[in-house]
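J.: whatever this is, show me its structure:
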Amino acid sequence: MAKKNSKSTKKLTGIGAFLTLVLSLAALCLGLFLTNVNQTTWAANNAVGTNEIMGAILGFGFSKTVPSGSDVPEWATFPGVKISTADGNMVYTAPSHAGTMIVFILMAAALILTILALLFKKSKFGALLLVVAGLCLVTSGIMAFFPMQMCGFESKLTSSFKTGVEYTLGIGSILGGCFGCVGGVLGTGVGAVALLK
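T.: Numbers count the residues shown, from 1 in each chain. Below you'll find the model as predicted:
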């Protein structure tokens with residue numbers, strides 16, 4: 001009977017860890033490489049410009065040098081971006097935001113812990129690693145829905161005629177958060193069941 005329970009724990013942990021691994025990898029990639037925040041500029045109820053910023057730039061910062069007179073990077077209009085000149089070129093430097101960086105660090109931690117859970121799937125230790133990975137992933141998934149608050153982007157619109165700047169959640173934050181939460185709940189649930197078997 002003990003042998004049968006051990007086999008089912010191994011199988012359950014293995015399947016749960018694999019699915020959690022796929023979902024955490026998807027959450028990390030979607031959050032890093034898709035738009036996290038959209039910036040829309042309004043003038044008299046008309047949208048006159050839309051810019052986007054990726055999660056990787058928000059979390060870890062980025063610097064881009066472009067020749068004077070060339071196109072400005074889309075993310076250069078976001079608050080906190082510093083503009084300077086060097087050798088006749090324009091240098092745009094986006095700051096890193098600790099809150100967004102933590103989201104990606106938690107997602108990466110969940111990914112690593114899930115890989116370890118797959119390696120130790122024969123033991124209760126693997127199930128425990130899967131629970132911890134799931135909790136990291138749920139936390140990062142929830143945090144992924146709040147990039148504007150973590151970065152201090154605040155919409156400023158006049159009430160009479162829609163004029164000003166508005167920030168909205170990007171597709172990367174939405175999908176990354178959803179995949180993170182689903183993967184986290186799955187990992188935590190499967191790990192907990194395997195621990196209690």
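J.: leaving out chain neighbours, which residue sits closest to the residue nearest to the spatial centre of the chain?
T.: By CA atoms, centre = their mean, the chain has its centre lying nearest to Gly31, at 3.6 Å. Nearest non-adjacent residue to Gly31, counting by CB to CB, 6 or more residues apart in numbering: Gly176, 3.1 Å away. Glycine gets a C-beta too; all of them are placed from N, C-alpha and C.
J.: which of the three states applies to that neighbour?
T.: helix (DSSP: H, G, I helix; E, B strand; the rest coil).
J.: how close does the residue nearest to the centre of the chain sit to Gly88?
T.: Applying CB to CB, to the nearest Å, the value for Gly31 to Gly88 is 36 Å.
J.: counting neighbours, what do you get for Thr20?
T.: 30 (other CB atoms under 10 Å).
J.: what sits against Phe104?
T.: By CB atoms under 8 Å, 6 or more residues apart in numbering, the residues touching Phe104 are Leu28, Gly31, Leu32, Gly55, Gly59, Phe60, Ser140.
J.: repeat for Met90
T.: Met90 sits next to Thr65, Val66, Pro67, Ser68, Ser70, Val72, Ile83, Ser84 when contact means CB under 8 Å, 6+ apart.
J.: those residues: which two are farthest apart?
T.: Among the contacts of Met90, the pair separated by the greatest distance (CB to CB) is Ser70 and Ser84, at 15.2 Å.
J.: of the contacts of Met90, buried ones?
T.: Among the contacts of Met90, none counts as buried by neighbour count (16 or more other CB atoms under 10 Å).
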